[in-house]
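1. Next input, structure requested:
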Amino acid sequence: MQYVKFDIEAYRRNMLSFIGDGPESRVFWNALDFAFAAHGNQWRRSGDPYIMHPCSVARILAEELDIRTPEILAAALLHDTVEDVEAITGEVIRDKFGPNVEAIVEGCTKVTHYTGDRQTFKKLVHRKIFTGAAAKLEVMIVKLADRLHNLRTLSSMPRHKRQKIADETLDIYAPLATILGLFAIKRELYNLALAYKFPRQGSRLQVHINSLRSDPEVLEIIGRVQEALDLEGLPGKVSLRTKGLWGYYDVRNRILIKEIESPQEILVLVQTRSECYQALGVLNRIYPPVPRTIRDFIASPKPTGYQGLHARPNINGRKYLFKIRTEEMARRAQRGMIRDWSTDSKANSRFFREIQEMFDILGSDDSVSYRDMIAASGRKEIYTYTPQGDLICLPVNSILLDFAFRVHTAIGHTCIGGLIGKQRIDPSHQLRDGNVIKVLRQEDQVNFDPALQMLCQTPKARSELSKAFRQRREAVSRQIGASVLAQELRRYGVPIEVVDKEGMADILTYFNIDSLEDLYLQVGEGRVRLRELIYEIRNGLYVGRPTLFQPTGVFNRVDLATLDPVVMKSSACCKPGPLDKGVIGLLSERGLSLHRKDCNQLQKINFQREDAVEVRWKLKATRIEKNQRIIVIQATRNRLLMLLAVAPEEMKMIDILYLGKGAAQVGDWEINFQVANLYGLKKIDRHFNRSGLRYEFEIDL
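-> Residues are numbered from 1 along each chain as shown. Down below sits the predicted model:
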């Protein structure tokens, strides 16, 4: 391997042109000396001195993203020091360069001390970075520049490493660059990663892309538009941008496709905002746009701050995208939100807040896949509006619930539907570009179905639903925990009142629990070993008094008044229902996992008596929200109608469907009905059971 020397003086001169050498830039120059000393003896696999990498990351930020803040650039220089140099800690960085630099460096530093499987480790690394970015967005900006430089120098790595880094870039970093509006970096991240991910296919596709750049038809269009602008006296410049590999990547299916609808974009650059509209008029005259395809992002900028006019004419059977911008708009289009880093405009502060909220969700919420959320957020946008005319940008395929949560958290939680014009829509309705939506609400929070979470496309909607589901689950778990603890104490002959004694605080401290409510929650979720808890209570609060022997075999019992699928899951192995006897619920943080007592699978699970409860339902108090269905097998029409004529009054018929063909005398029937509670459902089930007819029924939760 041939080692390369790093010209530190040339680098100093280059960075001097960006940030100068005033007192405010001192932190950067000190960081440069510190990083040079820290990485002095380290070399990259390529043969470059390691210091070239952090220096290149800082240079990308200054040169390609216009970041001139010395503290951010200093953090870029130092971002690997804590991870790679044993003697350097976060405290050292804080002492020498201040808390801001230390916070960015800490956010960029990978988890180092971990014992476990590699997949969990990678998730931990990513969530740590997301958490750092939630506190300081600069963390993600530095990580994107770091990843870009790594890709630019990736050829020296072995093939399996190249593939792994390419996959991670395509799944996480390139979509995040899109979300942040860093389109120049986004395109290069995609292009480089795809070239390593699909070396042969990417190489063939690149030949096709190169040939498009000299397509005579496109060059003729550019010449005609330029000529029309010149005749109009507009000082504009027309140029061609041919989409790279990034434009051919199918994110959903994770493949490169051979052809796309608009492989080229024609850019029109003018000097002023008013000239943008004049240029659009000229363009419309020579190449009329497809109806309803003109987009005015000057009057209504994208959340990232992007501005420009878009028009899509159909020329000789091919669709082209024209983008009309000023030089400042074009620069903003490449730098995204970073162009307004130091401003405090209301629009930007709201966008920054939403981005930080997204990173907070990605870093802290284990119930949702951060890869899915990033992919959804990075998709093309649709533009929807409130009745007041406020623009709400959403990922494509977003539903009404995404819109409601984007408008306001409280509106999302109380959304029962919406209106598009006079059409009533459900919370799951998929929105279209240009929809004007009025959200319909109820006073109380809606108990949404868990299936809605996967339909949502925005991180906020998914996260808020996740929180609501967790609250519903925890409320029932607390009830279960309180009931189980009371029963278990009674089995040992210990009065439940002992938990109100002062000494209970010491027991809570022993288990690292803050309150009695939290104790009930952890007992109800099976996170506290009930046997150990009872032991501590007997020997700490009831010491010296006679107690009963340890109970065996008998489960504690809970009486529930809910069928909420967020709280409980009926196991596929035995499919227990609330009308069955002997239903056992295994306690967990995800709620109750229900099995029949005689289930073979349950016998194979290794669990203690205290880890499970016998579940019963309060029949009249347990409401049934969804419509139910019974399938009656091989019955005549007369027999079925006679049976339904004397059905319990609780059965509110919706419809009866014949499932057979033709006019056979005997066939299968589907009966759809409503019932208010479990008490009514039990009467209906008993009625059909007595009839002697074969039928299938599985309660829909």
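
2. Mind listing the residues bridging to residue 655?
-> Beta-bridge pairing for residue 655 (DSSP bridges): residue 672.

3. Count the neighbours of it for me.
-> Residue 655 is flanked by 9 other residues according to other C-beta atoms under 10 Å. Every residue, glycine included, has its C-beta placed from N, CA and C.

4. what's the pLDDT at it?
-> Looking at residue 655, its pLDDT reads 94.

5. That one against residue 672, yeah?
-> Yes: the pair residue 655 / residue 672 is scored as a contact, 5.2 Å apart, by C-beta atoms under 8 Å.

6. Output the helix or strand that contains residue 355 as PDB, nothing but the C-alphas.
-> Element membership of residue 355 [criterion: DSSP states H and E] is helix 346-364. Taking C-alpha atoms only, helix 346-364 is exported to PDB below (Å, rounded to 0.1, in the frame of the first residue of the first chain):
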ATOM      1  CA  LYS A 346     -41.900  31.000  11.500                       C
ATOM      2  CA  ALA A 347     -41.900  28.600   8.500                       C
ATOM      3  CA  ASN A 348     -38.300  27.400   9.100                       C
ATOM      4  CA  SER A 349     -38.700  27.100  12.800                       C
ATOM      5  CA  ARG A 350     -41.800  24.900  12.300                       C
ATOM      6  CA  PHE A 351     -39.900  22.700   9.700                       C
ATOM      7  CA  PHE A 352     -36.900  22.400  12.100                       C
ATOM      8  CA  ARG A 353     -39.300  21.400  14.900                       C
ATOM      9  CA  GLU A 354     -41.000  18.800  12.800                       C
ATOM     10  CA  ILE A 355     -37.600  17.300  11.700                       C
ATOM     11  CA  GLN A 356     -36.400  17.200  15.300                       C
ATOM     12  CA  GLU A 357     -39.700  15.600  16.300                       C
ATOM     13  CA  MET A 358     -39.200  13.000  13.600                       C
ATOM     14  CA  PHE A 359     -35.600  12.200  14.800                       C
ATOM     15  CA  ASP A 360     -36.900  12.000  18.400                       C
ATOM     16  CA  ILE A 361     -39.400   9.300  17.200                       C
ATOM     17  CA  LEU A 362     -36.800   7.500  15.200                       C
ATOM     18  CA  GLY A 363     -34.400   7.400  18.200                       C
ATOM     19  CA  SER A 364     -36.900   6.500  20.900                       C
END
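
7. Tell me who's in contact with the one residue sitting closest to the centre of the chain.
-> The structure's the chain has its C-alpha centroid closest to residue 373; by C-alpha atoms, centre = their mean the separation is 2.5 Å. Residue 373 is in contact with 358, 361, 362, 459, 462, counting by C-beta atoms under 8 Å, 6 or more residues apart in numbering.

8. how about residue 396, what does it touch?
-> Per C-beta under 8 Å, 6+ apart, neighbours of residue 396: 379, 380, 381, 382, 457.

9. Show me what the longest helix along the chain packs onto, helices and strands only.
-> Ranked by residue count and defined by DSSP state H, the top helix of the chain is helix 459-491. Judged by 3 or more C-beta pairs under 8 Å, 6 or more residues apart in numbering; DSSP states H and E, helix 459-491 is in contact with helix 346-364, helix 370-377, helix 400-407, helix 409-413, helix 451-455, helix 516-524, helix 530-540, strand 556-560.

10. Most tightly packed of those?
-> Most buried of the helices and strands packed on helix 459-491 by mean neighbour count (mean count of other C-beta atoms under 10 Å) is helix 400-407; its value is a mean of 25.

11. that older thread, most neighbours out of the contacts of residue 396, which is it?
-> When neighbours are counted by other C-beta under 10 Å, residue 457 leads the contacts of residue 396 with 24 neighbours.

12. if we can go back for a sec, could the contacts of residue 396 go into a markdown table alongside pLDDT?
-> Converted to a markdown table, the contacts of residue 396 look like this (pLDDT from 0 to 100):
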| residue | pLDDT |
| --- | --- |
| 379 | 67 |
| 380 | 75 |
| 381 | 81 |
| 382 | 86 |
| 457 | 88 |
